[in-house]
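S.K.: this one's structure only:
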């Protein structure tokens with residue numbers, strides 16, 4: 001068991017195609033976990049292990065692994081970069097202590113970089129940046145550092161400087177120790193240090209001065225030495241960097257080329273030197289067990305639950321309390337994971353990320369703890385799906401298999417929702433984008449041997465009320481014997497702009513409605529949220545219960561619940577509901593010659609251009625476009641730009657449907 005201070009739990013995050021998986025493969029090679037480097041373009045990587053990932057050359061599911069460097073145990077989660085799989089990033093970030101943010105030296109800050117940065121801010125995660133692909137045409141290290149500062153508001157501080165760029169990229173300058181580093185031998189395994197070449201001396205001196213000045217702004221000890229002109233040693237710089245990084249006050253920036261095997265070992269040094277340990281986050285082995293389940297997957301042997309242990313110890317055979325379900329469960333086995341490879345563990349401790357088997361009723365976001373010491377960790381929140389597709393099995397005999405398969409897929413992925421439309425007799429699968437749902441349909445075929453027919457994608461519309469109405473509803477039924485009676489006087493209308501769900505305000509005074517019936521009224525209105533005038537869920541609803549009355553014999557909770565439902569149905573039309581549709585923030589990158597055609601097409605799709613900028617003879621078009629208008633857009637874009645356009649999008653918000 002390693003000391004907590006010798007553990008690092010990190011994630012590697014970036015926009016798609018920035019080199020995350022390529023970097024992870026090098027890390028596993030240099031740390032001795034793998035003896036051969038897998039390549040994305042060959043479909044031989046360790047972390048992109050599913051058929052769908054290898055065929056598409058992208059990361060779809062977050063994969064966990066462990067390695068050692070300089071006596072430290074490093075748990076790594078390699079996350080997807082495509083917007084449709086942001087949930088894999090968000091739930092991974094929930095259990096990590098630090099992040100390596102990857103940026104392409106050519107493209108800088110991209111849309112998914114911004115999303116990931118926002119998620120990291122929400123979790124308060126420390127981070128270091130690695131500017132990758134310094135060997136590519138158009139690479140510009142300083143421009144990326146500026147991008148991080150301006151677009152992400154990150155206090156980016158370069159602690160390395162590249163020696164050259166594009167095909168002239170030869171190595172890096174370590175600004176802490178003021179030495180040049182080049183990489184030689186098999187797969188760049190050997191690091192050679194030397195004096196900084198004369199042609200880079202002036203640049204390095206200026207960059208180091210900027211590093212010292214930036215650190216003085218966040219570290220009083222270093223500032224005092226600087227003012228008193230005392231020697232500032234590399235050890236002092238690292239100490240100041242680590243303190244500021246753990247406190248999330250700076251973002252140290254490194255550089256290299258993972259594909260060309262340059263700079264990865266120095267990144268590992270910085271992970272150990274600068275990013276926080278579980279001890280920095282207050283984890284404790286001596287406390288009773290507290291662990292968070294952040295992912296559930298099904299393999300051929302059953303269900304695996306991935307969890308982060310914050311306090312205490314967990315062993316095979318332990319009985320744990322799930323405070324989410326209120327049930328106790330028995331842990332069959334504890335595993336250390338290397339992608340899909342499991343290694344059984346005799347025990348797991350605070351600060352570790354492991355997988356366990358044997359849990360039957362445990363879901364993503366549940367807390368596991370010692371039965372005599374209940375605790376509930378902060379719950380995980382997931383975005384709502386934005387599109388839906390109707391599916392049906394190709395053969396009648398596969399209906400049962402389809403239901404089982406969909407249940408397993410939904411259990412694994414909180415953003416994949418399965419619904420049944422009773423009126424149309426359809427099964428709807430809902431997700432974060434077309435690619436997300438295409439992957440699920442592919443998994444049905446490859447993993448569960450169920451082929452389906454699918455309909456056109458459907459948008460997840462919502463409804464919102466426009467008008468507030470005062471209404472009295474009297475619910476009365478008499479069936480010979482005892483009857484049903486409820487009387488409520490309510491104000492029904494739209495909720496606050498930023499609110500979700502039901503806002504219920506009880507303003508009953510004097511006991512006109514007994515307090516035991518109030519929850520039934522609230523329940524009745526809450527049940528009305530699922531379907532508005534047009535058949536879609538309500539974004540929100542505000543109800544003020546002002547008055548009412550009861551019957552001494554015929555009133556009960558059910559009567560008041562039914563009365564609330566009737567009240568809603570009777571005033572729904574008067575409240576003037578209207579449709580809301582999901583709007584996507586889209587970014588389109590095209591050569592200048594195609595700008596006019598692309599903008600014209602976006603206008604036809606009711607898109608609103610929010611920004612237009614230039615970079616390297618390309619036009620960067622930012623737009624807000626209704627989700628319903630973007631189905632199949634990539635195909636259209638390729639046609640308009642002769643295959644030279646690029647497109648990405650992420651959910652923005654809901655707006656009144658056009």
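M.R.: Thanks, I have the structure now. Owing to the predicted nature of the structure, the values given are computational and were not obtained by experimental measurement. Numbers count the residues shown, from 1 in each chain.
S.K.: give the contact list for the residue positioned nearest the centre of the chain.
M.R.: A centroid search over the chain (CA atoms, centre = their mean) returns residue 90, at 2.4 Å, as the residue closest to the centre. Residues counted as contacts of residue 90 (CB atoms under 8 Å, 6 or more residues apart in numbering) are 119, 380, 382. From N, CA and C alone the C-beta is placed, and that goes for glycine too.
S.K.: What does the first one show for phi and psi?
M.R.: Which is residue 119. Backbone torsions for residue 119, taken as degrees, to the nearest 10, come to phi -60, psi -40.
S.K.: That one: neighbouring residues, count only.
M.R.: Using other CB atoms under 10 Å, residue 119 has 19 neighbouring residues.
S.K.: Quick check, it in contact with residue 93.
M.R.: Yes: counting by CB atoms under 8 Å, residue 119 does reach residue 93; the two are 5.4 Å apart.
S.K.: remind me which residues of the stretch 301-450 of the chain are low pLDDT?
M.R.: Residues of the stretch 301-450 of the chain meeting the criterion pLDDT under 70: 301, 421-425.
S.K.: Run through the helices of it in chain order.
M.R.: Listed in chain order, the helices of the stretch 301-450 of the chain (DSSP state H, counting those that start in this stretch) span 399-412, 434-448.
S.K.: Show me what counts as buried in the last one.
M.R.: For helix 434-448, the buried set under the neighbour-count rule, 16 or more other CB atoms under 10 Å, comprises 434-441, 443-444, 447-448.
S.K.: quick one: that helix to helix 399-412, angle?
M.R.: Compare the direction of helix 434-448 with that of helix 399-412 by axes from the mean of the first three to the mean of the last three CA atoms, to 10 degrees and you get 120 degrees.
S.K.: now the helices of the stretch 301-450 of the chain in CSV, with distance to residue 124?
M.R.: Formatted as CSV, the helices of the stretch 301-450 of the chain follow (distance: least, CB to CB, whole Å):
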stretch, distance to residue 124
helix 399-412, 27
helix 434-448, 28
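S.K.: that older thread, just give me the closest of the buried residues of helix 434-448 to residue 201.
M.R.: Closest approach between the buried residues of helix 434-448 and residue 201, by CB to CB: residue 435, at 48.4 Å.
S.K.: Can you tell me which of the buried residues of helix 434-448 lies closest to residue 202?
M.R.: Residue 202 has its nearest neighbour among these in residue 435, at 47.6 Å by CB to CB.
S.K.: Let me know the distance separating that closest one from residue 222.
M.R.: 47 Å (CB to CB, to the nearest Å).
S.K.: cool, residue 234 as well?
M.R.: Separation of residue 234 from residue 222 (CB to CB): 12 Å.
S.K.: swap in residue 72?
M.R.: Distance of residue 72 to residue 222, computed by CB to CB: 25 Å.
S.K.: Residue 462 now?
M.R.: 52 Å.
S.K.: Look up phi and psi at the nearest residue to residue 529 once chain neighbours are set aside.
M.R.: Leaving aside its sequence neighbours, residue 529 sits nearest to residue 538 (CB to CB, 6 or more residues apart in numbering; 4.8 Å). Residue 538 adopts backbone torsions of phi -80, psi 140, taken as degrees, to the nearest 10.
S.K.: Residue 171 too?
M.R.: Torsion angles, degrees, to the nearest 10, at residue 171: phi 170, psi -170.
S.K.: Ignoring the adjacent residues along the chain, who's closest to residue 123?
M.R.: Once flanking residues are discounted, residue 123 sits nearest to residue 93: 5.0 Å by CB to CB, 6+ apart.
S.K.: Residue 369: neighbour count?
M.R.: When neighbours are counted by other CB under 10 Å, residue 369 comes out with 22.
S.K.: Also the one 4 residues further on?
M.R.: Look at residue 373: counted by other CB under 10 Å, it has 13 neighbours.
S.K.: ditto for the one 5 residues further on
M.R.: Taking other CB under 10 Å as the neighbour definition, residue 378 ends up with a count of 9.
S.K.: how close does it sit to residue 247?
M.R.: For residue 378, the distance to residue 247 - CB to CB - is 21 Å.
S.K.: what does the helix or strand harbouring residue 563 rub up against?
M.R.: Assessed by DSSP states H and E, residue 563 sits inside helix 557-571. Residues from elsewhere that reach helix 557-571, judged by CB under 8 Å, 6+ apart: 469, 471, 473-475, 484-488, 490, 492, 513, 516-517, 519-525, 527-528.
S.K.: Report all helices and strands that whichever helix or strand comes after it contacts.
M.R.: Downstream of helix 557-571, the first helix or strand assigned by DSSP H and E is strand 578-591. Where contact means 3 or more CB pairs under 8 Å, 6 or more residues apart in numbering; DSSP states H and E, strand 578-591 is packed against strand 462-464, helix 595-604, strand 618-626, strand 646-656.
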